[in-house]
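Engineer: Pasting the sequence and the predicted coordinates here, then a few questions.
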Amino acid sequence: MLSLCQATNITTVETPSLADDRIKAILVVNPIGSQIFGPSGYAQIDRPVMILSATADTVAPGLPEQIEPFTWLQTQYRYLALMSETTHFSVIASTPSITPSITLPPELLGTSPEIAQQYLEKLGLAFFKRHLQADLRYDAVLTARYVKTHIEQWPLQPLSLILDLTPEALNQAIAAQN
């Protein structure tokens, strides 16, 4: 949250364009940006976007930083993956050939970081195959049903893939919880 707090203090006379034609698809994991870009900034994104959100993330909480901004996206292809029992650090690869710069306590990695990493790999592969290589076979993989039956694993359940969520539907869901 410190980086978000610092970012909200940035003021400029004119917001520079961040458009880059080299970018063909965007996959972000636990992003922060709601205060930086806001609804109008997210609405300008015209590339396929996949947002992965950890439900136990205290660094970049899911509701204000991934779920609500997802409702602001207007691009045709948008995906929101909600990974239960995961934290901000759950998908950090623990590859034996790479020495981590710091060692994180197990409680910061979530219930099963290995499965969280598999989620990222499988969803990321399907997303990029579909949107960078235009392989239409991956449309079938990028569905809630496929994710539920072929990717989701215990104990990181549920794994939800949302393709459409309006601000109104989100507000209704929040109101129903209160």
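Structural biologist: Perfect, I can see it now. Note that the structure is a prediction, hence the values are computed from the model and not measured.
Engineer: just checking, what's the longest helix in the protein?
Structural biologist: Counting by DSSP state H, the longest helix found in the chain is helix 113-132.
Engineer: In a helix, Val91, correct?
Structural biologist: No - per DSSP: H, G, I helix; E, B strand; the rest coil, Val91 lies outside any helix segment and is coil.
Engineer: hang on, the earlier thing: list the helices and strands the longest helix of the chain packs on?
Structural biologist: strand 26-29, strand 49-54, strand 78-83 (3 or more CB pairs under 8 Å, 6 or more residues apart in numbering; DSSP states H and E). Every residue, glycine included, has its C-beta placed from N, CA and C.
Engineer: Distance from the first one to the middle of the chain?
Structural biologist: Which is strand 26-29. 6 Å (CA atoms, centre = their mean, to the nearest Å).
Engineer: Over to stretch 119-133?
Structural biologist: Distance, stretch centre to chain centre, for stretch 119-133: 13 Å (CA atoms, centre = their mean).
Engineer: Just the C-alphas of it, formatted as PDB.
Structural biologist: What follows is stretch 119-133 as a C-alpha-only set of coordinates in PDB (Å, rounded to 0.1, in the frame of the first residue of the first chain):
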ATOM      1  CA  TYR A 119      -2.400 -21.100 -12.300                       C
ATOM      2  CA  LEU A 120      -0.300 -18.200 -13.500                       C
ATOM      3  CA  GLU A 121       1.500 -20.400 -16.000                       C
ATOM      4  CA  LYS A 122      -1.600 -22.100 -17.400                       C
ATOM      5  CA  LEU A 123      -3.800 -19.000 -17.600                       C
ATOM      6  CA  GLY A 124      -0.900 -16.900 -19.000                       C
ATOM      7  CA  LEU A 125      -0.100 -19.500 -21.600                       C
ATOM      8  CA  ALA A 126      -3.700 -19.800 -22.800                       C
ATOM      9  CA  PHE A 127      -4.100 -16.000 -22.800                       C
ATOM     10  CA  PHE A 128      -1.000 -15.300 -24.800                       C
ATOM     11  CA  LYS A 129      -1.600 -18.200 -27.200                       C
ATOM     12  CA  ARG A 130      -5.000 -16.700 -27.900                       C
ATOM     13  CA  HIS A 131      -4.100 -13.100 -28.100                       C
ATOM     14  CA  LEU A 132      -0.500 -13.100 -29.400                       C
ATOM     15  CA  GLN A 133      -0.700 -16.000 -31.700                       C
END
